[in-house]
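sharing a model prediction with you, sequence too.
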Amino acid sequence: MSKKPQILIIDDERNTRDGLKRALSDTYDVIITDNAKRGLDLVLEKTFDVVLTDLRMPGLDGMRFVKRVQTIANPPICIIFTAYGSVESAVEAMKVGAYDFLTKPINLDNLEIVLQRALESHRLKRENKDLKRELATKYALENIIGESEEMQRVFDNLKQIAAAKSTVLLTGESGTGKELAARALHQLSDRADMPFIAVHCAALTRSLLESELFGHEKGAFTGAVERRIGRFEAADRGSIFLDEIAEIEPSVQVALLRILESRTFERVGGSEPVEVDVRLIAATNRDLKEMVDSGEFREDLYYRLDVINICMPPLRERRADIPLLLRHYLDAFNKENNRNVAQFEPAALELMVAYHWPGNVRELRNTVERLVVMARSDMISVDDVPKKIRDALSAEDLADAIIAGNTDHPLDIDSNEKRLIVQALRECRGNRTAAARKLGISRRTIIRRIQHYGLEKIGQPE
């Protein structure tokens, strides 16, 4: 037996609400109340498919009720009815989110038609939203490349907190993917259909940042020739991402604290409070707690931001993901630049994995783009790897990379020659004469080949 659709009826006239309940109870599960305040509480407590509400009621009226309902996750379809119908009222009702506008006395046959259409619309929206959420779960996280245990924990945390409204603080070094994580969090949430607004706080001066975040009124300052809507207002019912939040000035910190506490703010030069429903996601590569201790950051704001903290691991702590990232960016930049660089030679791959990547994924991405554009063949060799990466590794790391890179793959003559020279130098502790003798070549030849392959440090003391 299928479950009856859930309908809430709100009307301060007893005869109207009781009459509608009797007429609809055979087909629907109907709950009634005599005021919109109680109706709002009921909508927050349980799930309704449709709400029928009177327009004019003491206290919270039908129009304001519908506007508030639209701010919750998965709102029911709202139908407004009134004895004082007008074109203006109908237009206003549609603007605030009502599905339809009916006049009293209610024609029950017409109401049934409207309800059936509303329920079908609600079903399609729900199915569409479920499909989008399923796709978002897949593709939002696919934008963040990683199969390591460290990244799987990040993915699990993002999925777990996506449905909540709580503020999220993303921490970690520059280039670890904090903005990608913020976008994934938005895509996984019930706000996915609403705006995602990103603001890079360090790029703006204090005055510009205030206007950018909160907007301004006409005449608020020189050049303010008209009212401007800020990023918080633009992100209403969606998410706002504040990157490098440690860089904001104390005066902006105060305004930000007010938004987190009251969900309201004032435009620059204005005095009227603006109410918004925004999920705040902040990010920083600095230690906010240390900044609080040194007086650089407000303690009360820090605790309002640090409700849920997700730390994005640096690339050196998830080296297992580096080959996956290299393959991903190799494919992407081949396509973007119409190139055909097939892969990294094993030794070159070992070097890329061994490097500590201080710029994290951002540095790796830029390095692969440069390698693809500058490649002279369809393979990236050790000689192609940037000198700063080779120089950053110790001689032993370099030797290990060259040898490890040749264990499971067919090699050309040069690669074999390089491997043999490395082994000879290590066995002879860098003595080039002994290594040449061991290989059956002249000292002049081995010196020339060492210079050619960039092996000067192999076997030498650190």
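Great, that's in hand. Numbering: from 1, shown residues only.

can you give the domain ranges for this protein?
6-129, 143-313, 317-453 (automatic domain parsing).

quick check: Thr367 touching Pro386?
Yes. Counting by Cβ atoms under 8 Å, Thr367 touches Pro386, with 6.4 Å between them. Yep, even glycine has a C-beta here, placed from its N, CA and C like the rest.

okay, those two: which has more neighbours?
Shown here are Thr367 and Pro386; by other Cβ atoms under 10 Å, Thr367 has more neighbours (20 against 15).

doesn't that one fall inside a helix?
Yes. When DSSP: H, G, I helix; E, B strand; the rest coil is applied, Thr367 is found to be in a helix.

ok, now which ones touch it?
352, 386, 389 (Cβ atoms under 8 Å, 6 or more residues apart in numbering).

can you tell me the helix or strand for the first one?
For Met352, the enclosing helix or strand under DSSP states H and E is helix 346-354.

of the contacts of Thr367, just say which sits nearest to Ser89.
Met352 (65.9 Å; Cβ to Cβ).

that closest one against Glu345, yeah?
No. Look at Met352 against Glu345 with Cβ under 8 Å: they stay out of range, at 10.5 Å.

next one: Lys334 from His328, what distance?
Small correction: residue 334 is Asn, not Lys. Remark: distance between Asn334 and His328 (Cβ to Cβ, to the nearest Å) = 11 Å.

looking at the contacts of Thr367, which one is closest to Ala93?
Met352 (60.4 Å).

the strands in the stretch 151-300 of the chain, which residues?
Using DSSP state E, counting those that start in this stretch, the strands of the stretch 151-300 of the chain run over 168-171, 196-200, 239-243, 264-265, 274-275, 279-284.

of those, which approaches Leu40 most closely?
Of the strands of the stretch 151-300 of the chain, nearest to Leu40 by Cβ to Cβ is strand 274-275, at 15.1 Å.

and the closest one, how far out from the chain middle?
With Cα atoms, centre = their mean, to the nearest Å as the basis, strand 274-275 stands 25 Å off its chain's centre.

then stretch 155-169?
Taking mean C-alpha positions (Cα atoms, centre = their mean), stretch 155-169 and its chain are 10 Å apart.

start to end distance for that stretch?
This stretch, stretch 155-169, spans 15 Å end to end (Cα to Cα, to the nearest Å).

likewise for stretch 373-393?
24 Å.

so which residues make contact with that stretch?
333, 337, 339-345, 347-348, 351-352, 354-356, 367, 370-371, 398, 401-402, 405, 418, 453-454.

mind listing the helices for the stretch 151-300 of the chain?
Shown for the stretch 151-300 of the chain, the helices assigned by DSSP state H, counting those that start in this stretch span residues 178-188, 206-214, 231-234, 250-262, 288-293, 299-305.

now, of those, which is deepest in the fold?
helix 178-188 (a mean of 22; mean count of other Cβ atoms under 10 Å).

show me what it packs onto, helices and strands only.
Contacts defined by 3 or more Cβ pairs under 8 Å, 6 or more residues apart in numbering; DSSP states H and E place helix 178-188 against helix 108-142, helix 149-161, strand 168-171, strand 196-200, strand 239-243, strand 279-284.

please repeat the previous calculation with a cut-off of 6 Å.
helix 108-142 (3 or more Cβ pairs under 6 Å, 6 or more residues apart in numbering; DSSP states H and E).

Phe65 touches Ala36, doesn't it?
Yes. Between Phe65 and Ala36 there is a contact at 4.0 Å, judged by Cβ atoms under 6 Å.

who does Ile281 bridge with?
Taking DSSP bridges as the rule, Ile281 bridges to Val168, Phe241.

about what we covered before: of the domains of the chain, which is nearest Gly459?
Nearest to Gly459, of the domains of the chain and by Cβ to Cβ, is domain 317-453 at 3.2 Å.

quick check: mean pLDDT across the closest one?
Domain 317-453 comes out with an average pLDDT of 82.

gap between the two ends of it?
Domain 317-453: ends 30 Å apart by Cα to Cα.

over to stretch 81-100?
End-to-end for stretch 81-100, by Cα to Cα: 8 Å.

neighbouring contacts of that stretch?
55, 63, 66-67, 70, 77-80, 101-104, 114, 118 (Cβ atoms under 6 Å, 6 or more residues apart in numbering).

rerun at 7 Å
Contact with stretch 81-100 is made by 52, 54-56, 63, 66-67, 70, 77-80, 101-104, 106, 114, 118, as judged by Cβ atoms under 7 Å, 6 or more residues apart in numbering.

which of those residues are buried? Put it as a ChimeraX command.
To isolate the buried subset of these in ChimeraX, counting by 16 or more other Cβ atoms under 10 Å, use the following:
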select :52,54,55,63,66,77,78,79,80,101,102,106,114,118
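
so which of the contacts of stretch 81-100 belong to strands?
52, 54, 77-80, 101-103 (DSSP state E).

which one of the residues you listed is nearest to Leu242?
Closest to Leu242, out of all of those and judged by Cβ to Cβ, is Cys78, at 32.8 Å.

and whichever helix or strand Leu330 is part of, what does it pack against?
Element membership for Leu330 (DSSP H and E) is helix 322-337. Under the contact criterion of 3 or more Cβ pairs under 7 Å, 6 or more residues apart in numbering; DSSP states H and E, helix 322-337 touches helix 346-354, helix 360-374.

could you give the angle of the last one to helix 178-188?
Pointing back at helix 360-374 there. With axes from the mean of the first three to the mean of the last three Cα atoms, to 10 degrees defining the directions, helix 360-374 sits at 100 degrees from helix 178-188.

pull out the buried residues from helix 360-374.
Buried residues in helix 360-374, counted by 16+ other Cβ under 10 Å: 360-361, 363-365, 367-369, 371-372.

and for stretch 319-338?
Result for stretch 319-338 [16+ other Cβ under 10 Å]: buried residues 321-322, 325-326, 329-330, 333-334.

ok so, going back, relative to Phe196, which of the helices and strands packed on helix 322-337 is closest?
helix 360-374 (20.1 Å).

so how far is Arg231 from the residue nearest to Ala73 when sequence neighbours are not counted?
Sequence neighbours aside, Asp190 is the residue nearest to Ala73 in space, at 4.1 Å (criterion: Cβ to Cβ, 6 or more residues apart in numbering). Computed as Cβ to Cβ, the Asp190 to Arg231 distance reads 21 Å.

got it, and Ala224?
From Ala224 to Arg231 the distance is 16 Å (Cβ to Cβ).

quick one: Val278 and Leu242 touch, right?
No. Counting by Cβ atoms under 7 Å, Val278 sits too far from Leu242 to count as a contact (10.8 Å).

re earlier: can I get the helix holding Met352 as CSV, trimmed to CA atoms?
Output of helix 346-354 as CSV, limited to C-alpha atoms (Å, rounded to 0.1, in the frame of the first residue of the first chain):
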residue,chain,number,x,y,z
PRO,A,346,60.5,4.8,-15.2
ALA,A,347,63.6,6.7,-13.9
ALA,A,348,61.9,10.1,-14.5
LEU,A,349,58.8,8.9,-12.8
GLU,A,350,60.9,7.8,-9.8
LEU,A,351,62.4,11.3,-9.6
MET,A,352,59.0,12.9,-9.7
VAL,A,353,57.7,10.7,-6.9
ALA,A,354,60.9,11.2,-4.8
